[in-house]
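In: After the sequence you'll find the predicted model.
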Amino acid sequence: MSKLDEVVVSYRIFENSTEYLGVAQVTLPDIEFLVNTISGAGIAGEVEEVIKGHIKAMRTTINFNTYGENALALSTPVDHTIDLREVQQARNMTAGKVELQNVKHIMTIKPIKLSLGKLETASTSDANGEYAVSYYARYVGGKKKIEIDPLNFKCYINGIDYLADVKKAMGLS
């Protein structure tokens, strides 16, 4: 069955799965693999080699309409677990109809930078925070698709943990 992804219908942001954090826009973290440039005998030049399962530091940005209790809650310098509950719309090309699916993003974050925004009459303040991400997971339709957890040696993408054999070789599993 082929599907045409169309749009994010809506989403909500929560802390600890229960505290609704209000109206916000979120920039999800980039997942960028560490690379090492290899050169020397037997190589005609240089090759960038991806280091299996190793990820560069991740960050996320959350833009709040105002710097209120929601933004303040995430400004304490401790780990915060947030989840984004998203509904996506896709067109089922075979059946010729629109379908909805749930997507959940879970992150452990810690504040790096807080911007209190601006003050302007009858306007949002555009407050935002930038956060270090030490854990990220994505579930689609209840099925885990991505789990990045550098502190626990997990790099799970689409059914494969690319660090499982590394953990085994180190005697960690």
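Out: Yep, that arrived. Numbers count the residues shown, from 1 in each chain.
In: What segments of the chain are helices?
Out: All helices of the chain, identified by DSSP state H, fall at 69-73, 164-169.
In: Determine which stretch of those is the most buried.
Out: Mean neighbour count (mean count of other C-beta atoms under 10 Å) peaks for helix 69-73 among those, with a mean of 16. From N, CA and C alone the C-beta is placed, and that goes for glycine too.
In: right, so of the helices of the chain, which gets closest to E48?
Out: Ranking the helices of the chain by proximity to E48 (C-beta to C-beta) places helix 164-169 first, at 19.7 Å.
In: Surely E99 touches K3?
Out: Yes. The criterion here is C-beta atoms under 8 Å, and E99 meets it with K3 at 7.4 Å.
In: before we move on, the earlier item: make CSV from the helices of the chain and add mean pLDDT to it.
Out: Shown next, in CSV, are the helices of the chain (pLDDT from 0 to 100):
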stretch, mean pLDDT
helix 69-73, 79
helix 164-169, 93
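In: what number of residues lie near H80?
Out: H80 has 19 neighbouring residues, counting by other C-beta atoms under 10 Å.
In: now it: how far from S10?
Out: Between H80 and S10 the computed distance is 22 Å (C-beta to C-beta, to the nearest Å).
In: same deal with F64?
Out: In this structure, F64 lies at 17 Å from S10, with C-beta to C-beta as the measure.
In: Return the longest strand in the chain, judged by number of residues.
Out: strand 97-115 (DSSP state E).
In: List the buried residues in that strand.
Out: Of all the residues in strand 97-115, those buried under the rule 16 or more other C-beta atoms under 10 Å are 103-109, 111, 114-115.
In: Could you single out the nearest of those residues to M58?
Out: M107 (8.4 Å).
In: who does the closest one bridge with?
Out: I82, Y136 (DSSP bridges).
In: so it touches T60, yeah?
Out: Yes. At 6.3 Å, M107 counts as touching T60 under the criterion of C-beta under 8 Å.
In: shared neighbours of these two, anything?
Out: In terms of C-beta atoms under 8 Å, 6 or more residues apart in numbering, M107 and T60 are both contacted by the residues 29, 131, 133.
In: any idea which of those residues has the most stuff around it?
Out: Counting neighbours by other C-beta under 10 Å, the top entry in the shared contacts of M107 and T60 is Y131, with 25 neighbours.
In: what ranges do the strands span in the protein?
Out: Under DSSP E, the chain gives strands at 3-15, 19-20, 24-27, 33-39, 46-55, 58-64, 80-92, 97-115, 127-140, 143-149, 154-157, 160-161.
In: Nearest residue to Y11 in space, ignoring adjacent ones along the chain?
Out: E86 (4.0 Å; C-beta to C-beta, 6 or more residues apart in numbering).
In: Tell me, how many residues neighbour the one you found?
Out: By other C-beta under 10 Å, the residues close to E86 number 19.
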